[in-house]
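Visitor: task: produce atomic coordinates for the following.
(one chain, ligands or ions: 2)
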Amino acid sequence: MKILSAAQTRKADAYTIQHEPISSLDLMERAASALVDWLTQRFSPEVPFAIFCGPGNNGGDGLAAARLLHNRGYNVQVFLVEEPDQTKSDDFTQNLHRLPQELPAQSIQSIEDFSELSPGTVVLDALFGSGLSRPLRGVYAQVVEKMNQLGGTIISVDVPSGLFADEALLQDSTVVQATHTVTFEQPKLSFLLPSSGAYVGEWHAVSIALHPEYLQNVASPYQLLTPAFIKSILKPRKKYAHKGTYGHALLIGGSYGKLGALILSAQAALRAGVGLLTVQVPQIGYSIVQTAVPEAMALTDLHDLHFTRFTGQPDAYDCLGIGPGLGQAEDTRLALEALFRLHLPPLVLDADALNLVAADRTLLRTLPEGSILTPHLKEFERLTGPATDDFHRLQLLQSFCQEHKCYVVLKGAHSCVGTPTGEYYFNSTGNPGMATGGSGDVLTGILTSLRAQGYSALETCLLGIYVHGLAGDLAAQEMGQASLIASDLSAFLGKAFLAVEKG
Ligand SMILES: NC(=O)C1=CN([C@@H]2O[C@H](COP(=O)(O)OP(=O)(O)OC[C@H]3O[C@@H](n4cnc5c(N)ncnc54)[C@H](O)[C@@H]3O)[C@@H](O)[C@H]2O)[C@H](O)CC1
Ligand SMILES: [K+]
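Guide: Ligands and ions are numbered 1, 2, ... in the order given. Have a look, this model is predicted:
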C-alpha cells in the first residue's frame, strides 16, 4: 500500500473529483459516512459525542458526521473552534448550513467558551487534518490541551490535530493525544514513525474510494506491507523437495553467558524453513547447542569463550548470519575483519556484529554489497550518528543504504526496511509484547533462513519482518503481550506462515 504525502492526498482528492466525477461536497459526505459507520460499529447511541470542528474540510467532515450521527439517534454536541475572521472552506460552510435546527453549532472563540462535558462523552477531533500548515496556537492549542486533560476517549478525524501528515513536529507542539485515529484511505507517514506515531493511538484506515487510477500511478517511496503483498512473495514448497532444496544457513555467534541468543536464532532459522543449518560457537557452546538445537550441525571456534576465527568453508553455505550473542572482544573484531575478506555468501548482520562494524570504519567500508543489517534505533545511531527527528532518520537510512549498497531493517513499532535504491517499506504486524530480550535474535534467524532458501535480499527483509511480527501477534492473542517471550515467536512462526499462505 503506497503512503501518500499530504500534497499527494490533495491531488488524489482533486483527481477523484474530476474523474469519477464527484463534487467535493459529496466526497466529504462519503468520508463522513465512512467515519460514522466506523463510529456506530463501536459506540452505542447512549454514548454522547462532542464534535470539535476547525475551519477547513477536516471541520467540514466533523459537521457532516454530526448531522449523520444525530440522524441515527445519537446525542451530539457541535462546537466550532474559531479565530475571529478566519476564512472557512466552502464545504465547511455548506455543512454548517445543513445542520438541523435542533443541532446548533456552539462557537468557541476563547477557552472560557469551553463548557464542561458530561462524563463518558466521546470527543471527535475535527479541528485540523492534512491541511495543517503551522503549529497550533491560541484558542486551538488551548482547546487541544483541554481535550487531552479530560482524559476521555478522543477519536481524531483523519489526523490528530496538531500533527503534520508528513513532516516532523516542532519542539513542544500541542497535539491531540488520540485514542483512535480514523484516517481516510491510508495511514499518513507520521503515523508510522515513533515520536509522531505516539499521538495517533490506534489508527484505522477507512476507504473513501479515491480514484484507483491515481493511486496506481502515483509515485511514492513509502510502502506499508499488506497481507496480499506478502503472500505474493511467499514461495510454495515443491512436492519432490529434499533438504538441500531449502538451502544451508550458517549462524555465527554466542559467547560466554550469551549462548541463548544464538540458540534463539538457530531455532527461528529452522522454524522459518531452512533445509540445513550449521552454527559456529566457542568451545563452551558445543554441547549446549548440540543439546538445545539437535537439528543444527555445530562448528567450534578454537577459543573457549567467543568468536576468533571462522572455521568453516564459506562456499558450503547459502547465507551467513552473524551477531547474536557475539560479544565485542578485540579478537572477535579481528575475526570479523578477516571474514569480510573472504568470498562470502549473502550476509545478515545483527547486534554485536553491527556494533563492531559501527566502531571500525574499515569494517564498514569492506561490508559486502547486498548485506542485510538489522539495527534497533540505538545501534543505527552508532552507524550513522544521531538523527534530529524521525524524518531526518529516514534520510539517514536512505543515504546509508545507498552508500553501502545494503538493506537495513530499522527495528521499531513499525519496523522500516531501507533499500539501496531508496525505497522504504513499513511493517504492519507486531505488538509491544515483542519488546523482549531475544526478539531481535529470532528475527536474525528468520532472515538468515529465508535468504538461504533463495529469497532475494529485499524479499527476505519484507517477508521476514512480516512473519516475525505476525508470529508475535498470534502468540499475544493466546498469552497476552506481557508474558510473550522470544522463543514463543519461533513457536508461532508456523502459524504465521500458514496465515500468510491463506492471505
Ligand atoms: N481524500 C481525503 O483524504 C479527503 C479528506 N477530507 C478532509 O479534508 C481535510 C483537509 O482539509 P483542508 O481544508 O485542506 O485542511 P484542514 O481542515 O486540515 O485545515 C483547515 C485550514 O486551517 C488553516 N490552518 C492550517 N493550520 C492552521 C493552524 N495551525 N492554525 C489555524 N489555522 C490553520 C489552513 O488554512 C487550512 O486550510 C482532511 O484532513 C480530511 O479530513 C475531505 O473531507 C474528503 C476527502
Ligand atoms: K483532526
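Visitor: every contact and neighbour count from this point should use C-alpha atoms.
Guide: Fine.
Visitor: mind listing what's buried in the lengthiest helix in the chain?
Guide: Longest helix in the chain by number of residues (criterion: DSSP state H): helix 457-479. Neighbour counts over helix 457-479 (16 or more other CA atoms under 10 Å) mark 457-476 as buried.
Visitor: swap in stretch 433-447?
Guide: 433-435, 438-447.
Visitor: quick one: end-to-end distance for that stretch.
Guide: 20 Å (CA to CA, to the nearest Å).
Visitor: give me the residues contacting the longest helix of the chain.
Guide: 225, 230, 233-234, 370-372, 407, 409, 415, 417, 419, 425, 427-431, 433-434, 442-443, 446-447, 450-451, 484, 488-490, 492-493, 495-497, 500 (CA atoms under 8 Å, 6 or more residues apart in numbering).
Visitor: just confirm L410 is within a strand.
Guide: Yes. The assignment for L410 (DSSP: H, G, I helix; E, B strand; the rest coil) places it in a strand.
Visitor: what's the spacing between it and N95?
Guide: For L410, the distance to N95 - CA to CA - is 44 Å.
Visitor: can you check L264 too?
Guide: Counting by CA to CA - L264 and N95 are separated by 58 Å.
Visitor: of those two, give the one with the bigger neighbour count.
Guide: L264 (25 against 22; other CA atoms under 10 Å).
Visitor: contact partners for the more buried one?
Guide: 438, 441-442, 445, 486-487.
Visitor: hmm, try it at 7 Å
Guide: Neighbouring residues of L264 by CA atoms under 7 Å, 6 or more residues apart in numbering: 438, 441-442, 487.
Visitor: same for the lowest-mean-pLDDT helix or strand in the chain, what does it pack against?
Guide: Lowest on mean pLDDT, DSSP states H and E among the helices and strands of the chain sits helix 361-365, with a mean of 89. When contacts are defined as 3 or more CA pairs under 7 Å, 6 or more residues apart in numbering; DSSP states H and E, helix 361-365 packs onto helix 351-359.
Visitor: and if we set it to 10 Å?
Guide: If contacts are counted by 3 or more CA pairs under 10 Å, 6 or more residues apart in numbering; DSSP states H and E, helix 361-365 sits against helix 330-340, helix 351-359, helix 390-404.
Visitor: for L259, list the residues it contacts.
Guide: 253, 281-282, 284-286, 288-289, 305-306, 324-326 (CA atoms under 10 Å, 6 or more residues apart in numbering).
Visitor: now do V182
Guide: Going by CA under 10 Å, 6+ apart, V182 touches 34-36, 38-39, 155-160, 200-206.
Visitor: so what's the backbone phi/psi at it?
Guide: Backbone torsions for V182, taken as degrees, to the nearest 10, come to phi -100, psi 110.
Visitor: now it: how far from R134?
Guide: For V182, the distance to R134 - CA to CA - is 22 Å.
Visitor: kindly report the same for H248.
Guide: 54 Å.
Visitor: compare those two (neighbour count), which wins?
Guide: Using other CA under 10 Å, the more surrounded residue of H248 and R134 is H248, with 22 against 12.
Visitor: identify the residue spatially nearest to that one, adjacent ones excluded.
Guide: L276 (4.4 Å; CA to CA, 6 or more residues apart in numbering).
Visitor: OK, contacts around the one you found?
Guide: Contacts of L276 (CA under 10 Å, 6+ apart): 243-250, 269-270, 295-297, 317-318, 449, 452-453.
Visitor: could you look up the SS state of the residue in the stretch 201-350 of the chain that ligand 1 sits nearest to?
Guide: Closest approach between the stretch 201-350 of the chain and ligand 1, counting by CA to the nearest ligand atom: L210, at 6.7 Å. Three-state call for L210 (three-state DSSP): coil.
Visitor: kindly report the same for V200.
Guide: Strictly by three-state DSSP, V200 counts as coil.
Visitor: can you get me a residue count around it?
Guide: Quick note: V200 (other CA under 10 Å) scores 26 neighbours.
Visitor: excluding chain neighbours, what is closest to it?
Guide: In space, V200 is closest to A178, 5.3 Å off (CA to CA, 6+ apart).
Visitor: can you give me the pLDDT of that neighbour?
Guide: On pLDDT, A178 comes in at 98.
Visitor: quick check: phi and psi on it?
Guide: Per degrees, to the nearest 10, the backbone of A178 is at phi -80, psi 150.
Visitor: that one and I155, how far apart?
Guide: Distance from A178 to I155, by CA to CA: 6 Å.
Visitor: okay, and the common contacts of these two?
Guide: 123-125, 200-203.
Visitor: and which of those residues is nearest to ligand 2?
Guide: D125 (4.9 Å; CA to the ion).
Visitor: so which of the contacts of V182 also contact ligand 1?
Guide: For ligand 1, the contacts drawn from the contacts of V182 by CA under 6 Å from any ligand atom are 157-158.
Visitor: which of the contacts of V182 fall within helices?
Guide: 34-36, 38-39.
Visitor: that's a strand at V279, yeah?
Guide: Yes. Applying three-state DSSP, one finds V279 inside a strand.
Visitor: how is the protein carved up into domains?
Guide: With domains defined by automatic domain parsing, the chain comprises 6-219, 227-233+240-502.
Visitor: could you find the closest non-adjacent residue to the residue of the stretch 201-350 of the chain closest to ligand 1?
Guide: T16 (5.7 Å).
Visitor: quick check, the one you found in contact with L27.
Guide: Yes. Assessed by CA atoms under 10 Å, T16 is found in contact with L27 at 8.6 Å.
Visitor: can you pull the residues that touch both of those two?
Guide: Common neighbours of T16 and L27 (CA under 10 Å, 6+ apart) are 209-210.
Visitor: which ones are touching L150?
Guide: 116-117, 119, 121, 123, 144.
Visitor: which two of these have the greatest separation?
Guide: P119 and V144 (17.8 Å; CA to CA).
Visitor: so which of those two has more stuff around it?
Guide: A direct count of neighbours by other CA under 10 Å for P119 and V144 places V144 higher, at 23 against 10.
Visitor: give me the pLDDT for Q290.
Guide: In this model, Q290 carries a pLDDT of 98.
Visitor: which residues touch it?
Guide: 263, 279, 296-298.
Visitor: do that again at 7 Å, thanks
Guide: A298.
Visitor: next, it: phi, psi?
Guide: According to degrees, to the nearest 10, Q290 has phi -70, psi -30.
Visitor: quick one: secondary structure of R237?
Guide: Under three-state DSSP, R237 comes out as coil.
Visitor: neighbours of it, how many?
Guide: By other CA under 10 Å, 10 other residues sit near R237.
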